[in-house]
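Trainee: predicted model, plus sequence, below.
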Amino acid sequence: LQARLRGLGLDGHALAVQIDPGLPRSAIREARTADARRRREGTPPSVGIELALNDEARLGWTPEVLARRMGERAAGRHVVDACCGAGGNAIGFALSGCRVTAIERDAEIAELARMNASRYGVADRIEFMVGDALEHVPGLEADILFIDPPWGTDWDRQRTTAGALTPLLELLDLAEPFGEVWSKVPSSFDVGTLPGSWTVTPVFGEGPGDERRIKFLWLCRETATT
Ligand SMILES: C[S@@+](CC[C@H](N)C(=O)[O-])C[C@H]1O[C@@H](n2cnc3c(N)ncnc32)[C@H](O)[C@@H]1O
């Protein structure tokens, strides 16, 4: 615990463990090494499908098994995926029978998303738009607006705010025509920095090395009630 929790936060609060008497440094070092080894057996990005990814798209890719889990809750509805990356979530939604409008501003990553959708056999359920979501979303209506903003590599592990996850707040301003808004944010995200009240679901990994690790927070808000 001490090795794992040092420097981390949850929902905007720093986590701390106090052990009395304290552990020797060597024990903590050993635990870190064992943990890093176990982490290699984390949740696989896909199950039996070879993915088309570049370095940037790989960073944001939602593992298939977790994207499918989110997709099941959207079951059959129309989803606008405003920052679709290489398509991890868009594909998860489409696999659950959703119609998806997927927007990506980076043309190369959008092309990877198209390729991945074909590999999963769901290209006919996803309409891709290349460009800035802030320009495309105002013309769209759907049951769910899904926002998975880029976290970058150096997001604050103790406390991340809505303002740091561009274009999350800007897209929320455009959310009114959508029945629900969903987002995927780091575990250190301080939900209090968002307007409105949200249901927060921590999503754990599904591999032996990360089944007790929160991979991200899944936020949901019904637009009409806020
Ligand atoms: C975290 S990734 C999405 C990952 C995706 N959910 C998945 O599982 O593969 C975020 C993506 O949003 C894109 N993006 C950032 N700002 C955008 C904007 N204003 N409009 C459209 N796409 C944007 C980035 O290029 C990046 O590919």
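Mentor: Looks like it arrived, so ask away.

Trainee: read off the pLDDT value for residue 41.
Mentor: In this prediction, residue 41 carries a pLDDT score of 91.

Trainee: tally of neighbours for it?
Mentor: Burial measure for residue 41: 13 neighbouring residues, criterion other Cβ atoms under 10 Å. (Each C-beta comes from the backbone N, C-alpha and C, glycine too.)

Trainee: helix, strand or coil for residue 101?
Mentor: Secondary structure of residue 101, reduced to three states by DSSP: H, G, I helix; E, B strand; the rest coil: strand.

Trainee: tell me the bridge partners for it.
Mentor: Each beta-bridge partner of residue 101 is listed here: residue 80, residue 127, as defined by DSSP bridges.

Trainee: repeat that for residue 144.
Mentor: In this structure, residue 144 bridges to residue 79, residue 180 when assessed by DSSP bridges.

Trainee: show me the contacts for it.
Mentor: Taking Cβ atoms under 8 Å, 6 or more residues apart in numbering as the contact definition, residue 144 lies against 74, 77, 78, 79, 80, 178, 179, 180, 181, 182.

Trainee: for ChimeraX, what selects the buried ones among these?
Mentor: Typed into ChimeraX, the next command selects the buried ones out of the contacts of residue 144 (criterion: 16 or more other Cβ atoms under 10 Å):
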select :74,77,78,79,80,178,180,181,182
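
Trainee: buried residues in stretch 139-158, which are they?
Mentor: Residues 140, 142, 144, 145, 146, 147, 148, 149, 150, 151, 156 are the ones in stretch 139-158 that count as buried (16+ other Cβ under 10 Å).

Trainee: what is the mean pLDDT for it?
Mentor: Stretch 139-158 shows a mean pLDDT of 94.

Trainee: quick check: residue 99 touching residue 78?
Mentor: Yes - applying Cβ atoms under 8 Å, one finds residue 99 in contact with residue 78, separated by 4.7 Å.
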